[in-house]
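[1] no sequence on this one, just coordinates:
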C-alpha cells in the first residue's frame, strides 16, 4: 500500500500535476489492460521527445508493471510483434528468442527475431530511464534495491527530484538508505549554492561526493568554496586513514600467507634443523588436493574445501614421511647435502604434477560464503577470502603452539632437538619423534596449500614461488622460534604492502629481500634469537 | 683430499706458488686431457670434410664450448664449496653478471645495424623511448673496459656481500639461503625493464666480438679454444690457491672454523678472498658463455640454475676441482641428450641425480675413481680425510 501511495506522490511532484485523487485511490491496483496497452502504444512513435512523454506517462500511471517495462525498454528488450502485441524478450542470444507478453507476463514461446520490432531509444532517453528506474526503486519494499538506487542517485539529483527526496528521507526506515539519500540531496544543495549541503557532506568518503565538493571548491562563491575546501581536506585526511587501513589489511593478508607457508618450515627447519627444499612442493600438493576434492565433489565447492583441510594435511604429511624415511634419515648431520637432496625431490614432485595432471594452472572454485567482501565504508572494503585465510593462519599457528608447548609430542621434540643422546637414554624413541615432527611440519605445509588455493592459481610452480620467502621468514624471525615466525611473516607482509604503492610490486619485493639479507648480516640469529642451551647446537 | 695437499706442499714448498700445481700428477693429467681434447676437436673440425663420420660440426664445437664455460663455473663453485665449505646457491648471479658485462659490450658493437638503426642506443632502449644511455652503460663500447668489468663487477658484488656476511659469521645453511635470496632478488631486478638491461628478453642479436663475426664457424672454434684455455688457467689458479698456505687455512676453516679462529687466523679474510676470486672466475665463465649462446637473459639468475651448478660439483666430486669439470660436462651432456629425446624426463632425471648423488655417492665420480684406483693398487695409502 505504502509503495503505491508514495509512487503516486512522487509522480505528482515530478510532473507538477495536481491530480492527487488518483494516487490515493486503491482502485488502481487492478490496472486496466486496455489503459496499459495505451501507455505502451504511446512508446511506439518516431519522435524521441514523444517517447520521453510516454515514459513519463508510464511513471505517472502507477501501474505495477511500470518498472519492468522501463527496465526492458532500457535494455532494448521491449519489442513489438508484427501483429501489434508488446513482448519482452527474455534472452536475446541466437536466432530465435524466447519472449513473454509485456502485459500478462505469460511466456509466448520462441519467436524469430525477424518478426520482432525493437522500440529504439537514444542516450537522452537512456539517462531519463535510468533515473526514472532509480526513482521507482526508491519505493521498492526491498531494502537492498533501495540502497542501490539511493547510491545511484548521488550526483544525479536535479530540481525536480529534490523536493520528493526530502520527504522520502523523512519516511525512510533504513538508516543506510536515509544516509545515502541525505548525501544525494546535499550534493544537489551544494551544486545549487547552499552552504548547508557542505556541512552534510563533511566526512563522506564516496568518490562522487568528492567530485561535487572539489567542483564547489572552485566555485565563485567564496563562502561555499572555503567551506568545501575545508570539508575536502578533512575527507582527504579520512581517506588517508582508510587507505592506511586497507594497506594494513592487505599486508596482514600477505603476511598470513607467508606465515602459513613458513610455519611448517619453522617446525622442520627451525625445530628439527632439517632443510627441506621440497617444502614448497608440499604446499603445492595441498593446493592440488583441494582441486582434486572439488573434482570429486562437483557442485559442492564449500564442502570440498572443508574436507580438503584434513585431506591436504594427510597427503602432505604422508609425502613428508616418505621424504624423511627415504632420504633425510640417511643424511643426518649433513645439512648442505640434505638441502641438495630435498631440492632434487622438489624437482621430481613438480615434474610429477606436470606429467600426471597438467602443466597448466587449475582453478579452484571459491565457495559462495567465502567470496564477496565486507564493506566497512565507501573507501574501505575487506575481501572475505583473505579474511578467512588470515583467520585460518592464526588458528593453525595457535594449534601448532599448543602441540609444541602442551603435548607429549611437543615435549619430546624439544628434548630430542636439544640433546638427542640424552633424550634417547631417557626412553624417548628419537626416530619416531623425527618422523612425527617431519609429518607435522609437512602436513602444515599441506594446510597452507589448501588456504593458498583460495588466493592464487594452482599450478606446478606454486611451491617454488614461496620457498625462498618461507626460508626468509623463518630466518628473519629466528630459527627455532614459532613466535618469531609469526611476527616476521606478518611484518614482512606489511612492509611489502607499504612499499608497494611507492616502489611497485617487484621493486618492493627486491627491497624486502635486500633488507632481510642485510638484517641477517647484522643479527645472524634473527629477530628472536634462541637463548641458553638450545642456541648452542 | 687434504692428504694430497699436505704431500704436495712438503715436496714443493719452496716453489713459486703459481707454478706449484704443475708438479702435481692430477694437474698434469687434467691439463693433458684438456689440451688433447681441444686439439682433437679442432683437428676433427678443420681437417675432416663435412660428410665424414668423424667430422665435428660447428654446432657441436659450439656446444663443447658451452660445456667448457660451465666447467669453469663449476671449478669456481668447487673452490668455495669444496675447500671453504661455503655452499653458495648464488653463483649463477656472478656468472650472469659477467655475462651481462660481455653482453653490454656486444650490444654496443652492434652500432647502427640494429632494427631501429640508432648509432648508440641498443634496440630495446629505443623501443622504451629512452633518449640516452644510462650511466652504467658508458664505457662498454671499449673492449678493455668491458673485459675488466667482466671480472670487476662480479668481484665487487662478492666483495660487498662477502664482507657483510663473513664479518658477521654467517655460514653454513644460513649463507646458502641468503645467497639464494641474493640471486633471486637480482633475477627480479633484471626482469624489470627500468633496470636498463633489456628486461625479460635480455641482451641478444649480437654480431661481432673484437671485429670477428660471431656467426662464422671460425669465431666459434676460436671461442671454444679460448674457453678451454680459460678453463686451464682457472684450474691452475684454483689449484695454486688450494695448495698454498692460504689454501690450507681455508681447508682448516672448512673443517673447524672455530678452532682456526682460535689459533689466530682472521678466518673471514681468507673466506672473503677466496669468495671474491671464485666470483670473478664465475664472471669470466659467464663472459665466455654469452657470445657462444648468443643471448643473456635474467633466467641465468634463477635460483634453480645456481643450485644445478652445485649438483655438477657434487656429482663430479667436491674438493677435487677436476671432479667439478667432469660433473659439469657429464650433467650438461645428459641434459642435451634428454631435452632432445624426452624433455619431460629431464627434471625427473635431474631430481633423481640430486637424491642419488647425495645419498649414495657423497664423493661423486672423482671419489668413485679414486676408490677404484685404490682397490686396484691395494696399497696402504693414508686414510682419506672426510671432506
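    Structure received. It should be emphasised that the depicted structure is a prediction, and the values quoted were computed from it without experimental measurement.
[2] which stretches of chain A have low pLDDT?
    When residues are selected by pLDDT under 70, those of chain A lie in A:1-32, A:62, A:155-156, A:158-162, A:193, A:195, A:197, A:203, A:530-537.
[3] care to break it down by domain?
    Domain ranges of chain A: A:85-118, A:247-371+A:381-467, per automatic domain parsing.
[4] Next, the distance between the ends of the first one.
    Same thing as domain A:85-118. Start-to-end span of domain A:85-118 (CA to CA, to the nearest Å) is 12 Å.
[5] how about the strands in the stretch 101-250 of chain B?
    B:203-204, B:208-209, B:212-213 (DSSP state E, counting those that start in this stretch).
[6] list the contacts for residue B:335?
    B:346, B:350 (CB atoms under 8 Å, 6 or more residues apart in numbering or on different chains). Where C-beta positions appear, they are placed from N, C-alpha and C, glycine not excepted.
[7] at 7 Å what do you get?
    Contacts for residue B:335 were tallied using CB atoms under 7 Å, 6 or more residues apart in numbering or on different chains; they are residue B:346.
[8] Quick check: it vs residue B:329, distance?
    11 Å (CB to CB, to the nearest Å).
[9] which SS class is residue B:16?
    Assigned with DSSP: H, G, I helix; E, B strand; the rest coil, residue B:16 falls in the coil class.
[10] What's the local residue count around it?
    Residues lying near residue B:16 (other CB atoms under 10 Å in any protein chain shown) number 8.
[11] cool, and residue A:42?
    16.
[12] Next, the residues that contact the helix or strand in which it is found from outside, please.
    Using DSSP states H and E, residue A:42 maps to helix A:33-43. By CB under 7 Å, 6+ apart, the residues outside helix A:33-43 that reach it are A:51, A:54, A:57-58, A:61, A:63, A:86, A:102-103, A:119.
[13] what's the answer for stretch B:105-122, then?
    B:123, B:126, B:130, B:133, B:140-141, B:143, B:146, B:203, B:205-209, B:291.
[14] Going by neighbour count, which of these comes out on top?
    Highest count within these by other CB under 10 Å belongs to residue B:291, 26 neighbours.
[15] Name the nearest residue to that one, ignoring sequence neighbours.
    Leaving aside its chain neighbours, residue B:291 sits nearest to residue B:209 (5.2 Å; criterion: CB to CB, 6 or more residues apart in numbering or on different chains).
[16] right, and the one you found touches residue B:292 too?
    No: applying CB atoms under 7 Å, one finds residue B:209 not in contact with residue B:292, separated by 10.1 Å.
[17] if I pick the residue nearest the centre of chain B, what's in contact with it?
    Compute the mean C-alpha point of chain B, and by CA atoms, centre = their mean the closest residue is residue B:73, 0.9 Å away. Contact analysis of residue B:73 by CB under 7 Å, 6+ apart lists B:91, B:95, B:282, B:285, B:309.
[18] out of the residues you listed, who's nearest chain A?
    residue B:309 (11.3 Å; CB to the nearest CB).
[19] got the residues of the stretch 201-350 of chain B near chain A?
    B:303, B:307, B:310-311, B:314, B:344, B:347-348, B:350 (CB under 7 Å from any CB of the partner chain).
[20] Give the buried residues for stretch B:180-199.
    Under the neighbour-count criterion of 16 or more other CB atoms under 10 Å in any protein chain shown, stretch B:180-199 has B:180-192, B:195-199 buried.
[21] Just give me how far that stretch sits from the chain centre.
    Averaging C-alpha positions (CA atoms, centre = their mean, to the nearest Å) puts stretch B:180-199 20 Å from its chain's average.
[22] any idea of the mean pLDDT in it?
    Stretch B:180-199 shows a mean pLDDT of 86.
[23] residue contacts, residue B:236?
    residue B:21.
[24] can we see that at 8 Å?
    By CB under 8 Å, 6+ apart, the contact list for residue B:236 reads B:18, B:21-22, B:27, B:31.
[25] what's the nearest residue to the residue of chain B found nearest chain A if we skip its chain neighbours?
    Using CB to the nearest CB, residue B:354 is the residue of chain B that sits closest to chain A, at 2.4 Å. Excluding the flanking residues, the one nearest residue B:354 by CB to CB, 6+ apart is residue A:344, at 2.4 Å.
[26] Tell me the residues of chain A that contact chain B?
    Within chain A, the positions adjacent to chain B are A:275, A:327, A:330-331, A:335-341, A:343-348, A:350-352, A:354-355, A:468, A:471-472, A:475, A:506-507, A:509-510, A:513-514, A:516-518, A:520-522, A:524 by CB under 8 Å from any CB of the partner chain.
[27] In helices, which of the residues you listed appear?
    Using DSSP state H, A:335-341, A:343-348, A:350-352, A:354-355, A:468, A:471-472, A:475, A:506-507, A:509-510, A:513-514, A:516-518, A:520-522 are the members of the residues of chain A next to chain B that sit in helices.
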